[in-house]
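Student: structure of the sequence below:
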Amino acid sequence: MTVTTETKDGVLIVTIDRPEVKNAINTATAQAIADAMDTLDNTPELTAGVLTGAGGTFCTGMDLKAFLAGERPSIEGRGFAGVAQTPPAKPLIAAVEGHAIAGGFEIVLACDLVVASQTAKFGLPEVKRGLLAGGGGLLRLPERVSYALAMEWALTGDFVGAEEARAAGLVSRVTEPGEALAGAVELALRIARNGPLAVRGTKEIMTKARDWSNEERFAKMWEIYEPIRSSEDAREGATAFREKRAPNWKGR
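Tutor: Numbering: from 1, shown residues only. Predicted coordinates:
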């Protein structure tokens, strides 16, 4: 089994479990991650996900032995590693220990939030090997940090530490070594306490808004907003607030 999953109070925890190859991605691993992302999106009881790697490393990218054997670690519709092209509709948090480089960094960039250990290292070193980062890193990195930093990181291929990544706005939390997963799960549980329709709609608006023109952005926002405003969960949230109790979300 190359990927393991567990659930905790509305959170799906997905672990790339190939520590013997530093969690490099082969086809089977990509398919397992894609399946986990489908589970996250299609299970009403799940509100958020956490993606991490076993053995003190997040992911070092494509499994070169598998590549040389003719494998393509990309899943149609989902892209590299089953997530880099099309992330889940629900929030996904990367919990990073050790290296998240090459395709591993591209997986991180497909996540909505990043919690990193002090030992974490990020980077797109493909240019050092005469290659391009083809899993979406060159597309997403300028959306997550400034253009100047994105260009510097991509053109040099140098690694970036957790504190530098946090200062650039890529990482939201830095933890003690070994605590990235715990920190990411704690953050995911805070998200999962909220209304699931509202959480999913919030992500949808924030990720799609950059593609909307100024003329259409409010109309597009209201298309997502109105069904959630009219939902049972919206009424339950208001009722629970009035009655000073925890809401009982139904996801409808």
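
Student: okay, now the domains of this structure?
Tutor: With domains defined by automatic domain parsing, the chain comprises 3-192, 196-243.

Student: okay, now the closest residue to residue 142 other than its chain neighbours: neighbour count?
Tutor: Setting aside the residues directly before and after it, residue 142 is nearest to residue 150 in space (C-beta to C-beta, 6 or more residues apart in numbering), at 4.2 Å. In short, each C-beta sits where N, CA and C put it, glycine included. Residue 150 has 20 neighbouring residues, counting by other C-beta atoms under 10 Å.

Student: wait, is residue 150 part of a helix?
Tutor: Yes. Applying DSSP: H, G, I helix; E, B strand; the rest coil, one finds residue 150 inside a helix.

Student: so who does it touch?
Tutor: 141-142, 144 (C-beta atoms under 8 Å, 6 or more residues apart in numbering).

Student: then residue 175?
Tutor: Counting by C-beta under 8 Å, 6+ apart, residue 175 has contacts 115-118, 182-183.

Student: residues near residue 98, how many?
Tutor: Neighbours around residue 98, by other C-beta under 10 Å: 22.

Student: next: residue 123.
Tutor: 23.

Student: and if you look at the one 3 residues further on?
Tutor: Counted with other C-beta under 10 Å, the neighbours of residue 126 add up to 22.

Student: roughly how far does the closest residue to it other than its chain neighbours sit from residue 108?
Tutor: Distances taken as C-beta to C-beta, 6+ apart place residue 133 nearest to residue 126, at 4.7 Å, with adjacent residues excluded. If you measure residue 133 against residue 108 using C-beta to C-beta, to the nearest Å, the figure is 12 Å.

Student: same question for residue 235.
Tutor: For residue 235, the distance to residue 108 - C-beta to C-beta - is 37 Å.
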